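A.B. asks: Fold the following for me, if possible:
(one chain, ligands or ions: 1)
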Amino acid sequence: MQRFSAFALVKHALSGHQRWQPQWRDATPKPAYDAVIVGGGGHGLGAAYYLAKEHGLRNIAVLEKGWIGGGNTGRNTTIIRSNYLFDESAALYDHALKLWEGLSQDINYNVMFSQRGVLMLAHNVHDEQSFKRHIHANRLNGVDNEWLTPAQAKEFCPPLNISGNMRHPVLGAALQRRAGTARHDAVAWGYARAADALGVDIIQNCEVTAIHRDAFGHVTGVATSRGEIATRKIGVSAAGNSSVVMGMAGLRMPLESFPLQALVSEPIKPIFPCVVMSNTIHAYMSQSDKGELVIGAGTDAYTSYTQRGALHISAHTLEAICELFPDFRRMRMLRNWGGIVDVTPDRSPIIAKTPVPGLYVNCGWGTGGFKATPGAAHLFAWTIARDEPHTINAPFNLERFARGMLIDEAAAAAVAH
Ligand SMILES: Cc1cc2nc3c(=O)[nH]c(=O)nc-3n(C[C@H](O)[C@H](O)[C@H](O)COP(=O)(O)OP(=O)(O)OC[C@H]3O[C@@H](n4cnc5c(N)ncnc54)[C@H](O)[C@@H]3O)c2cc1C
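C.D. replies: Predicted structure coming up:
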């Protein structure tokens, strides 16, 4: 693999940057693989990378029905944090955060991980008590999180309105300093390049249309829009389409798929130093390296597979943004888009074996799985390779919905990004 470095940049500059190789091969499907990953988002590509790197499986394909990163990986607002309430979640998301901290070096690709801090605003006494509870729980789990007064929050994020004449005044904020953002496309491209270098076939425009099983129920392969592929291990990482793909193996998943939308403003000079989230009035914002304000809205109220959200949802979010940051009132929005998020009843993910031998699933990340990308991929690869979960993802199984062992981050946070 050609390595990216300052030396390589200088060397290629001498030839006018004409000699860079494509970053991954345009692979054609082989008749059989040791393992097949369905879904070329960050989670699927990352799982293939860790399968090859840490578990010695090299004969792997990632099958993507569109283009890699064209799903939620390339559509999200890139908030990364690990300050979740429950022990199981803190372990999972902090595992991911630790991998983020070394990811650019590991895959030799700049994913522009920026630990600029995530500020979660409290607007009422319940928020304040809930966030303080999170802070205590996080500290017990070795996860950084601290309480800021309104004045300290404003010092950390100068555009924030902390005057008392708001509908929902700011009473304080929880700050995770290690949290931040990363460049979403780079995550998909970086994992694709690193996995390809280890021999993984990345096959785009290849939709999985059926999952085949033998007389004992074990998976034997998939039908795709580019032909039949035999395999004894299938890992499904298909986000909003997970229930459709799992249905091909006869499994009904505890998932609902909703559109979630985001929007960006016209670009401006650097003014917004961190990420701010307000769960109560439901708005969150950061500034991209290009200068756009990146704004996340809520999910539509109805299940759907359209990759766009309803106008009144984004209008509501912009009202909240204007209230929190009056300086931005006259800015224009450049574009908005949607992605399909797969939501579980407890708003926690599933990374698990399934009742179908040889079939594994990583789904249910809903509105908040970008932050988990390296951790989820790492644990999913472990589960596929060893046919058993890692201790970190063991609680995130399918049986919890039957046994009532929920990890109820929905009730804990009211929002999951
Ligand atoms: C607007 C928006 C904002 C968000 N903001 C945040 C945020 O700030 N922070 C955060 O942590 N998370 C956020 N999320 C959630 C996050 O984007 C997802 O949880 C995460 O990216 C999921 O990654 P993935 O690789 O599993 O899915 P995806 O990137 O969606 O990859 C799944 C892939 O599977 C492919 N596929 C589906 N069916 C098939 C098939 N039959 N055959 C082959 N391929 C198939 C799809 O084409 C897709 O490319 C947001 C999501 C949206 C939509």
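A.B. asks: how about the residues of the stretch 101-250 of the chain near the ligand?
C.D. replies: E207, V208, S237, A238, A239, N241, V245 (Cβ under 6 Å from any ligand atom). Where you see a C-beta, it was placed from the backbone N, CA and C, and this is true even at glycine.
A.B. asks: quick one: which of these sit in strands?
C.D. replies: Taking DSSP state E, the ones among those that sit in strands are V208.
A.B. asks: wait, which of the residues of the stretch 101-250 of the chain next to the ligand is closest to V264?
C.D. replies: Using Cβ to Cβ, A239 comes nearest to V264 of these, at 21.0 Å.
A.B. asks: where does that closest one land on pLDDT?
C.D. replies: We have a pLDDT of 98 for A239.
A.B. asks: Tell me how far it lies from Q21.
C.D. replies: 30 Å (Cβ to Cβ, to the nearest Å).
A.B. asks: Can you pick out the residue with more neighbours from the two?
C.D. replies: Set side by side, A239 and Q21 show more neighbours around A239, with 27 against 8, by other Cβ atoms under 10 Å.
A.B. asks: now the more buried one, nearest residue through space, not along the chain?
C.D. replies: Counting by Cβ to Cβ, 6 or more residues apart in numbering, the nearest residue to A239 once its immediate chain neighbours are dropped is N72, at 4.9 Å.
A.B. asks: ok, that neighbour to the ligand distance?
C.D. replies: Note on N72: its distance to the ligand, by Cβ to the nearest ligand atom, to the nearest Å, is 3 Å.
A.B. asks: contacting residues around that residue?
C.D. replies: In this structure, N72 makes contact with G41, A239, G240, G339, I340, V341, G369, F370, judged by Cβ atoms under 8 Å, 6 or more residues apart in numbering.
A.B. asks: again, but for M331
C.D. replies: Contacts of M331 (Cβ under 8 Å, 6+ apart): S265, E266, I268, L293.
A.B. asks: please redo it, this time with the cut-off set to 10 Å
C.D. replies: Neighbouring residues of M331 by Cβ atoms under 10 Å, 6 or more residues apart in numbering: S265, E266, I268, E292, L293, L318, I321, C322, F325.
A.B. asks: And for L119?
C.D. replies: For L119, the contact set (Cβ under 10 Å, 6+ apart) comprises 148, 152-153, 156-157, 160, 170, 173-177, 179, 273-278, 284.
A.B. asks: ditto for Q21
C.D. replies: M1, Q2.
A.B. asks: picking that back up, which of the contacts of L119 fall within helices?
C.D. replies: Q152, A153, F156 (DSSP state H).
A.B. asks: quick one: which of the residues you listed is most hemmed in?
C.D. replies: Busiest of these [other Cβ under 10 Å] is A153, holding 24 neighbours.
A.B. asks: For S278, name its beta-bridge partners.
C.D. replies: Beta-bridge partners recorded for S278 (DSSP bridges): A283.
A.B. asks: State the distance from it to the ligand.
C.D. replies: In terms of Cβ to the nearest ligand atom, S278 sits 14 Å off from the ligand.
A.B. asks: residues in contact with that residue?
C.D. replies: Counting by Cβ under 10 Å, 6+ apart, S278 touches 119-123, 127, 168, 170, 173, 284-285, 317, 320-321, 323-324, 415.
A.B. asks: Quick one: name the residues of the stretch 251-400 of the chain near the ligand.
C.D. replies: Selection of the stretch 251-400 of the chain residues close to the ligand by Cβ under 6 Å from any ligand atom yields L260, Q261, A262, G296, G339, V341, W365, T367, G368, G369, F370, K371.
A.B. asks: Would you point out the most distant pair within those residues?
C.D. replies: Longest span within those, Cβ to Cβ: Q261 and K371, 18.3 Å.
A.B. asks: Next, count neighbours for F401.
C.D. replies: Residues near F401, counting by other Cβ under 10 Å: 15.
A.B. asks: Without its sequence neighbours, what residue ends up closest to it?
C.D. replies: Distances taken as Cβ to Cβ, 6+ apart place P254 nearest to F401, at 4.7 Å, with adjacent residues excluded.
A.B. asks: Could you tell me the end-to-end distance of stretch 365-380?
C.D. replies: In stretch 365-380, first residue to last residue: 13 Å (Cα to Cα, to the nearest Å).
A.B. asks: mean confidence for it?
C.D. replies: For stretch 365-380, mean pLDDT is 97.
A.B. asks: For the residue nearest to P31 when sequence neighbours are not counted, list each beta-bridge partner.
C.D. replies: Leaving aside its sequence neighbours, P31 sits nearest to A230 (Cβ to Cβ, 6+ apart; 6.3 Å). Assessed by DSSP bridges, A230 has beta-bridge partners A32, G221.
A.B. asks: A230 against N59, yeah?
C.D. replies: No - the criterion here is Cβ atoms under 10 Å, and A230 misses it with N59 at 11.4 Å.
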